[in-house]
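1. predicted coordinates and the sequence they were generated for:
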Amino acid sequence: MKDLYEVMHYGTITHDYQWEEHFTDRPTKFRRVRIFLYEGQYILVEELDGIIIDTAELGKEEVE
């Protein structure tokens with residue numbers, strides 16, 4: 001997404017989730033999902049150990 005920097009720096013976080021993923025053969029990883037409101041659009045940003053792995057634009061009904 002071309003405006004991801006602005007979304008994460010100027011958007012308002014409306015939801016913030018973080019959880020651990022446990023694997024038997026490697027160290028525990030942390031997954032985080034944040035939903036930002038930026039210029040009237042809700043945007044989901046998913047990170048795994050601090051690296052962005054996915055983004056998606058959400059409709060208002062998906063956020064509520």
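-> The structure has been received and is ready for your questions. Keep in mind it's a predicted model, so treat the numbers as computed, not measured.

2. quick check: which ranges of this structure have low pLDDT?
-> Counting by pLDDT under 70, the chain shows low-confidence ranges at 1-2, 64.

3. what about the helices in it?
-> For the chain, the helices defined by DSSP state H occupy 4-10, 60-63.

4. list the contacts of residue 49.
-> 29, 30 (C-beta atoms under 8 Å, 6 or more residues apart in numbering). Just so you know, the C-beta spots here come from the backbone N, C-alpha and C atoms, and that holds for glycine as well.

5. which residue is nearest the middle of the chain?
-> Nearest to the mean C-alpha position of the chain, by C-alpha atoms, centre = their mean, lies residue 45 at 2.4 Å.

6. quick check, it in contact with residue 31.
-> No: taking C-beta atoms under 8 Å as the definition, residue 45 is not a contact partner of residue 31, at 11.7 Å.

7. give me every residue that touches the spatially closest residue to residue 6 that is not a sequence neighbour.
-> In space, and not counting its chain neighbours, residue 6 is closest to residue 38: 6.9 Å by C-beta to C-beta, 6 or more residues apart in numbering. Listed by C-beta under 8 Å, 6+ apart, the contact partners of residue 38 are 3, 6, 7, 10, 11, 12.
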